[in-house]
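K.L.:
here is the input, now give the coordinates:
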Amino acid sequence: MPAAMGACAPPFRSVSSAPMPSLRVLLAAHAPLLVVDAASTRVQVGLIHADGQATWQTSEDEAGVAVFTGIEKLGVELADVGAFVFCDGPGSILGVRTVAMAVRTWCVLKPRPIFAYTSLAMVAHASGQPGLAVISDARRDS
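P.N.:
Residues are numbered from 1 along each chain as shown. The predicted structure follows:
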């Protein structure tokens, strides 16, 4: 995830309403953010603080294990998380669903905002080239 999204409209959206603001605005309003991406073969879990400092854990274990061990290794107290940000694809539907289920469960215990992003839109946005589209084919052995 980029350190700052700038003034352009980011490729993120709130799961519950209008498009999500920049990462900088999200951090100011909801820090710390728990960021989870289990849409690829490498599961990444990160905690980003209001000052932009981030810690990350990466694992190649399956999502149902890697998400939770990543959080444990980061020492995250879920009650202290201000909002959740997760990748909703493209990629592993099982990974995306695992994260969505976990985030929704955590929000039942303590309601907080949930934001989602698509990884290809993020890459296009990070390029700084308005109108750029990124296309990828996930054929594994070709």
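K.L.:
check contacts around the residue nearest to the spatial centre of the chain.
P.N.:
Nearest to the centroid of the C-alpha atoms of the chain, with distances taken as C-alpha atoms, centre = their mean, sits Phe86, at 2.9 Å. Phe86 is in contact with Val35, Val36, Asp37, Ala38, Val96, Val99, Ala100, Val103, Ile114, Phe115, Ala116, Tyr117, counting by C-beta atoms under 8 Å, 6 or more residues apart in numbering. Quick note: C-beta positions are derived from backbone N, CA and C, even for glycine.
K.L.:
repeat that for 7 Å
P.N.:
With contacts defined as C-beta atoms under 7 Å, 6 or more residues apart in numbering, the neighbours of Phe86 are Val36, Asp37, Val99, Val103, Ala116.
K.L.:
and the next helix or strand past the lowest-mean-pLDDT helix or strand in the chain?
P.N.:
Of all the helices and strands that make up the chain, the one with the lowest confidence by mean pLDDT, DSSP states H and E is strand 12-14; it has a mean of 44. The helix or strand immediately downstream of strand 12-14 is helix 23-30, counting by DSSP states H and E.
K.L.:
counting by contacts, list what that following helix packs against.
P.N.:
If you count contacts as 3 or more C-beta pairs under 7 Å, 6 or more residues apart in numbering; DSSP states H and E, helix 23-30 packs onto no helix or strand.
K.L.:
let me know the pLDDT of Val123.
P.N.:
We note a pLDDT of 79 for Val123 in this prediction.
K.L.:
am I right that it falls within a helix?
P.N.:
Yes: the assignment for Val123, made by DSSP: H, G, I helix; E, B strand; the rest coil, places it in a helix.
K.L.:
around the residue lying closest to it once chain neighbours are set aside, how many other residues sit close by?
P.N.:
If the residues on either side of it in the chain are set aside, Val123 comes closest to Val134, at 4.8 Å by C-beta to C-beta, 6 or more residues apart in numbering. Using other C-beta atoms under 10 Å, Val134 has 15 other residues around it.
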